[in-house]
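A.B. asks: pasted the sequence and its predicted model underneath.
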Amino acid sequence: MEDVRSDLSRRGFIAGAGVAALAAVGASLAGCGKAEQPAPASQDGADAKPEADAAEAKKSIPEVFTDGVYITNGMSMHGLIDVKTVIADGAIAEVKVLNHGESRVIGEYALEAMPARIVESQCVDADVITGATLTSMAIKSAVSEAITNAGGDPRDFSGYVAPAPAKQTVEKSADVAIMGAGPAGLMAAWAAAEQGKSVIICERMGYTGGCVPITGCGVYVQETQIQKAWGLDHVMESHRTVERRLEVYAERLVKPDSPYYNPDMPFIKNILYSAQRAVDKMLQIGVPFCPIGNTGVPVLSPGDFQIGGKHAVQILTNYVTTQLGVEIITEAPVTSLTTEGGKVVGFVAEGADGSEYHVSADAVILASGGYIMNRDLMEEYQSDDLKFPLMGPPWATGDGMLLAKDAGAAWCCMDKGVTSHYHAGVSLAETSYIHYCVPGVVVNGNGDRFVDETISYIIALRKFKEEPTTDFYWIFDDSASYGLYPNGNNFGIDYEFLLETGDIIKGENYQDLAEKTGLSGLVDALDTVNDCALNGAEDPCGNKSLAAMQLDGPMYAMKIVPTPYIAQGGVKIDLDGHVQREDDSIIEGLYAVGDVTGALENRDGADYMIGLTQALGYGLIVGETVAGDLA
Ligand SMILES: Cc1cc2nc3c(=O)[nH]c(=O)nc-3n(C[C@H](O)[C@H](O)[C@H](O)COP(=O)(O)OP(=O)(O)OC[C@H]3O[C@@H](n4cnc5c(N)ncnc54)[C@H](O)[C@@H]3O)c2cc1C
């Protein structure tokens, strides 16, 4: 793309927007051939350097190196990223991302962190932001292009040396120390701080909110203020009240002889009632909620589908820090717990600059998420799920579980498996709602049906694992294909791009589709589907709502891959969030909440359903428990 250069003169620029950035540049001129770069200008725009230095500096700037604003771009995972680069006095004075298609939180983090790293280091070969390589590379490439367009040579801006770790020990203390600023940690902080407790959170990533900005769905609650205000007429009867939900759960519990069976369902009751309170509280501080889809199931998204989650987290983070005085230290993973005589009295976290935070506290809450991305634990407990690509967040490495175990805690429900979405096989794009949007059937790589498409992901995944192939296809007919368009499905999701990416294969009819895909059993499988659907015969896979397909018209196959994203086991806690040993005794000073405890529905005998709902609701419960214990 052609650069757009402004008419800013060098002096005019320095007196304006570039001052702060240039000052930052001056602080780190050691890397990237900076001996050749001019020193920063003073605040009033006058050149503070001695004349000889200035002459030397001038000599090093190529004659053709022209100050100005350059707009360039780089290619990333989700398309082009447009970047503004301000060049002043031969230095990179400012880098800013103008437009991008990066929808995921990690990419978004890199959009802020990478420009700052380039400006501070003056290097286009600065280290990429961990977990966001493609986004970082796109920004670096855009800045290189800007330097070239300005008449410079990107090679003069290379030789990145990562800042030396400060290696200082920072002592901190609070009533409550929390590991992880995901939804569970933030809600626990809120509840504890609201009752007058001082709270410090150490968060591993450079941002707060954990999975919230990447969750596909939302909070599954009933009878919140906002739902009452909307009215309940459009909601399915079985989803209107908490009492009714509990009846439905009761019907789905595992068999009474299971060790997890508890017909009183105390954990599930706690989750549903506390999540209701959490949503009402969030609404009061301005977190917007919108209903997801138009299915009569009252699922609320904090914000807007897949976008608002980030804003909801920002509001929540802003509220607990500015209104309640909670301190959040980001890029500071907790690495060990501090104990005294068997009681947990704090933790140690490693700061991004090498500093070590020694946080002492009367109570420590583990809220660091799950373990699905910890390969060792997966090998040990769910090795057969490793057959499929894992799609958990990068921080789900079970850090909190491992620390709890070291402190004597038990883990529980590790045998309960993982839950999974379906993703488009070629692009691995997020297609986890495809079966809600585009009615169809699943076949394996031989074209054979093997699963009831209406059952939960978790049970379905068990069936997928038993199949002889690792390839699977979602098969649908022409009328169902309208669900690929935002106006054609209940969620307003646009899946049309899958036709272009090659994820969806189209046949003239079902025989043609079988030929194109090489699914030898497909014709027989679909004949059986229509047989059952049209003649009321029992479906061999147990799907009671099979619809007949229009087999002689255009038919479609989309390759799908199950992508496990949450494991159900975790640290054992009691109903109030105290961490327990194997014999149910409590580890003093230690609490846990959210995915680190696994799916608590399991403790009553139900399968995973509502991770975010649990994280928010139990966050409140555990924060209140801690405040009560310390009172
Ligand atoms: C792809 C996907 C889709 C989902 N869809 C849904 C859905 O539709 N509905 C639903 O209810 N739930 C859904 N969930 C689950 C839901 O998002 C989680 O259950 C919920 O976010 C758990 O909250 P948490 O705070 O316990 O953990 P997380 O959200 O994982 O947050 C944990 C935090 O702890 C931090 N951390 C980790 N290790 C350390 C360490 N060593 N030191 C300090 N901090 C650390 C992490 O960086 C992170 O910020 C989905 C999850 C995923 C991954």
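C.D. replies: It's in.
A.B. asks: domain-wise, how is this protein divided?
C.D. replies: 10-157, 418-564 (automatic domain parsing).
A.B. asks: mind putting those into TSV with mean neighbour count, distance to the ligand and mean pLDDT?
C.D. replies: Every residue, glycine included, has its C-beta placed from N, CA and C. TSV is the format used below for the domains of the chain (neighbours: other CB atoms under 10 Å; distance: least, CB to the nearest ligand atom, whole Å; pLDDT from 0 to 100):
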stretch	mean neighbour count	distance to the ligand	mean pLDDT
domain 10-157	19	10	68
domain 418-564	18	7	90
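A.B. asks: closest to Gln323 out of these?
C.D. replies: Proximity to Gln323 (CB to CB) singles out domain 10-157 among the domains of the chain, at 23.6 Å.
A.B. asks: re earlier: okay, the domains of the chain in JSON lines with distance to Ala615 next?
C.D. replies: Formatted as JSON lines, the domains of the chain follow (distance: least, CB to CB, whole Å):
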{"stretch": "domain 10-157", "distance to Ala615": "16"}
{"stretch": "domain 418-564", "distance to Ala615": "15"}
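A.B. asks: closest to Ala250 out of those domains?
C.D. replies: Of those, nearest to Ala250 by CB to CB is domain 418-564, at 16.3 Å.
A.B. asks: show me how far whichever strand or helix holds Leu498 is from its chain's centre.
C.D. replies: When elements are assigned from DSSP states H and E, Leu498 belongs to helix 497-501. Centroid displacement of helix 497-501 relative to its chain, using CA atoms, centre = their mean, to the nearest Å, is 24 Å.
A.B. asks: again with stretch 319-326
C.D. replies: That offset, for stretch 319-326, works out to 23 Å (CA atoms, centre = their mean).
A.B. asks: for whatever residue of the stretch 301-450 of the chain ends up closest to the ligand, list the residues it contacts.
C.D. replies: For the stretch 301-450 of the chain and the ligand, the shortest gap (CB to the nearest ligand atom) falls at Gly369, measuring 2.7 Å. Listed by CB atoms under 8 Å, 6 or more residues apart in numbering, the contact set of Gly369 reads Gly180, Gly182, Gly210, Cys211, Pro393, Trp395, Ala396, Gly400, Gly594, Asp595, Val596.
A.B. asks: residues of stretch 218-233 that come out buried?
C.D. replies: By 16 or more other CB atoms under 10 Å, the buried positions in stretch 218-233 come out as Gly218, Val219, Tyr220, Val221, Gln222, Glu223, Thr224, Ile226, Gln227.
A.B. asks: for these, which one is nearest Ile268?
C.D. replies: Nearest to Ile268 among the buried residues of stretch 218-233, counting by CB to CB, is Tyr220 at 11.5 Å.
A.B. asks: is that closest one in a bridge, and if so with what?
C.D. replies: For Tyr220, the beta-bridge partners are Val299 (DSSP bridges).
A.B. asks: hmm, it is touching Ile610, no?
C.D. replies: Yes - contact criterion CB atoms under 8 Å: Tyr220 and Ile610 qualify, at 4.7 Å.
A.B. asks: look up phi and psi at the residue in the stretch 451-600 of the chain that the ligand sits nearest to.
C.D. replies: Closest to the ligand within the stretch 451-600 of the chain is Gly594: 2.1 Å, counting by CB to the nearest ligand atom. Here is the backbone geometry of Gly594 (degrees, to the nearest 10): phi 90, psi -150.
A.B. asks: how many other residues sit next to it?
C.D. replies: 33 (other CB atoms under 10 Å).
A.B. asks: what of Asp264?
C.D. replies: Neighbours of Asp264 using other CB under 10 Å come to 9.
A.B. asks: what's the answer for Glu350, then?
C.D. replies: 18.
A.B. asks: contacting residues for the nearest residue to Leu186 once chain neighbours are set aside?
C.D. replies: In space, Leu186 comes closest to Leu316 once its chain neighbours are excluded; the distance is 5.2 Å by CB to CB, 6 or more residues apart in numbering. By CB under 8 Å, 6+ apart, the residues touching Leu316 are Pro183, Leu186, Met187, Trp190, Thr208, Gly209, Met282, Ile285, Val287.
A.B. asks: where's the first one relative to the ligand, distance?
C.D. replies: If you measure Pro183 against the ligand using CB to the nearest ligand atom, to the nearest Å, the figure is 5 Å.
A.B. asks: okay, the residue nearest to that residue when sequence neighbours are not counted: pLDDT?
C.D. replies: Sequence neighbours aside, Ala615 is the residue nearest to Pro183 in space, at 4.3 Å (criterion: CB to CB, 6+ apart). pLDDT recorded at Ala615 is 97.
A.B. asks: Ala615 against Val596, yeah?
C.D. replies: No - counting by CB under 8 Å, Val596 is not a contact partner of Ala615; they are 9.7 Å apart.
A.B. asks: shared neighbours, those two?
C.D. replies: Ala184.
A.B. asks: for the helix or strand harbouring Asp82, packing partners?
C.D. replies: Element membership for Asp82, per DSSP H and E: strand 79-88. Counting contacts by 3 or more CB pairs under 8 Å, 6 or more residues apart in numbering; DSSP states H and E, strand 79-88 packs against helix 10-15, helix 18-27, strand 68-76, strand 91-99, helix 133-149.
A.B. asks: quick check: nearest residue in space to the closest residue to the ligand within the stretch 51-200 of the chain, chain neighbours excluded?
C.D. replies: Across the stretch 51-200 of the chain, no residue is closer to the ligand than Gly182, which sits at 2.1 Å (CB to the nearest ligand atom). Nearest residue to Gly182, sequence neighbours excluded (CB to CB, 6+ apart): Gly210, at 2.3 Å.
A.B. asks: ok, Val86 next?
C.D. replies: Glu94 (3.9 Å).
A.B. asks: go ahead and confirm the one you found touches Gly68.
C.D. replies: No - between Glu94 and Gly68 there is no contact under CB under 8 Å: 11.4 Å.
A.B. asks: pull up the overlap in contacts between the two.
C.D. replies: In contact with both Glu94 and Gly68: Val86, using CB under 8 Å, 6+ apart.
A.B. asks: so how far is the ligand from Ile271?
C.D. replies: 10 Å.
A.B. asks: how deep is that residue tucked in, by neighbour count?
C.D. replies: Ile271, neighbours per other CB under 10 Å, totals 26.
A.B. asks: list the buried ones in the helix or strand encompassing it?
C.D. replies: Ile271 belongs to helix 266-284 when assigned by DSSP H and E. Buried residues in helix 266-284, defined by neighbour count with 16+ other CB under 10 Å: 267-279, 281-283.
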